[in-house]
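Undergrad: Return atomic coordinates for the entry below.
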Amino acid sequence: MKILRPMTTLALLTFAAFSLTAQQDVTPASFTVRGVGDKTVVVTSADLAKLPQYTIKTADHGKPATFEGVLLRDVLAKVDLPVGDKYHSSAASYYLLAEGKDGYRAVYAWAELDAEFMDKPIYVVTQRDGKPLPGNAKPFQLVAPGEKRGGRWLRQLTSLTIKQAN
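TA: Sure thing, here's the model as predicted:
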């Protein structure tokens, strides 16, 4: 007969920490999108998988890179946007604030995102060169092909908020 001994405090703490880490890993990755109205949505990887997928071949810091993701416009379509007759005279005063887990923030003028103003695709990506994004970028990254410095290629995306300049 085998006698079981009670766990030590250190063993219990180690087990508890492991359990919490394991629970955190099963929580789906997500980011928040806030529109001009009261509507806010949480977008997960599963939500992105339902949108049309794109392969983006571009340069990242002068080196060729291939990303997989979705159009930012398709993601923003889940909330109220400054489009249509109601915003005819004010749409250009709106902007998108993108925020990352590390506190980094980037701004896109609404005119850059609205197809009525400009045809400049920006993407929310989840893969680079056929693999999931690396740890310093995952789980979501904004990619704006054609930008020379990549300063608005926000990594570890946590939120997108449409605001109006006052």
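
Undergrad: Can you pull up the most central residue in the protein?
TA: Leu157 (3.7 Å; Cα atoms, centre = their mean).

Undergrad: what's the neighbour count on the spatially closest residue to it that is not a sequence neighbour?
TA: Spatial nearest neighbour of Leu157, chain neighbours left out: Phe140 (4.0 Å); criterion: Cβ to Cβ, 6 or more residues apart in numbering. Heads up, the C-betas are built off the backbone N, CA and C, glycines and all. By other Cβ atoms under 10 Å, the residues close to Phe140 number 27.

Undergrad: same question, the one 3 residues further on
TA: Using other Cβ under 10 Å, Val143 has 24 neighbouring residues.

Undergrad: cool, the one 4 residues further on as well?
TA: Applying other Cβ under 10 Å, we find 14 other residues in the vicinity of Glu147.

Undergrad: My guess is it contacts Trp153. True?
TA: Yes: look at Glu147 against Trp153 with Cβ atoms under 8 Å: they come within range, at 7.1 Å.

Undergrad: Report the contact partners of the residue nearest to Leu157.
TA: Ala29, Phe31, Leu48, Val124, Val125, Thr126, Leu133, Gln156, Leu157 (Cβ atoms under 8 Å, 6 or more residues apart in numbering).

Undergrad: What residues does Lys138 make contact with?
TA: Ala29, Thr126, Pro132, Gln156.

Undergrad: Strands - which of those residues land there?
TA: Thr126, Pro132 (DSSP state E).

Undergrad: Between the contacts of Lys138, which sits nearest Ala77?
TA: Thr126 (18.1 Å; Cβ to Cβ).

Undergrad: how deep is the nearest residue to the closest one once chain neighbours are set aside tucked in, by neighbour count?
TA: Of all residues not flanking Thr126 in the chain, Gly69 sits nearest, at 5.8 Å (Cβ to Cβ, 6+ apart). Residues near Gly69, counting by other Cβ under 10 Å, number 24.

Undergrad: Leu72 now?
TA: By other Cβ under 10 Å, the residues close to Leu72 number 23.

Undergrad: which stretches of the protein form strands?
TA: For the chain, applying DSSP E gives strands covering 30-34, 40-44, 54-60, 63-71, 94-100, 105-109, 123-128, 131-132, 141-143, 157-164.

Undergrad: need the helix or strand of this protein with the lowest average pLDDT.
TA: Ranked by mean pLDDT, DSSP states H and E, the helix or strand of the chain with the weakest confidence is helix 9-26, at a mean of 48.

Undergrad: Pretty sure the residue nearest to Thr126 sits against Ile122.
TA: No: checked against Cβ under 8 Å, the pair Gly69 and Ile122 is beyond contact range at 9.8 Å.
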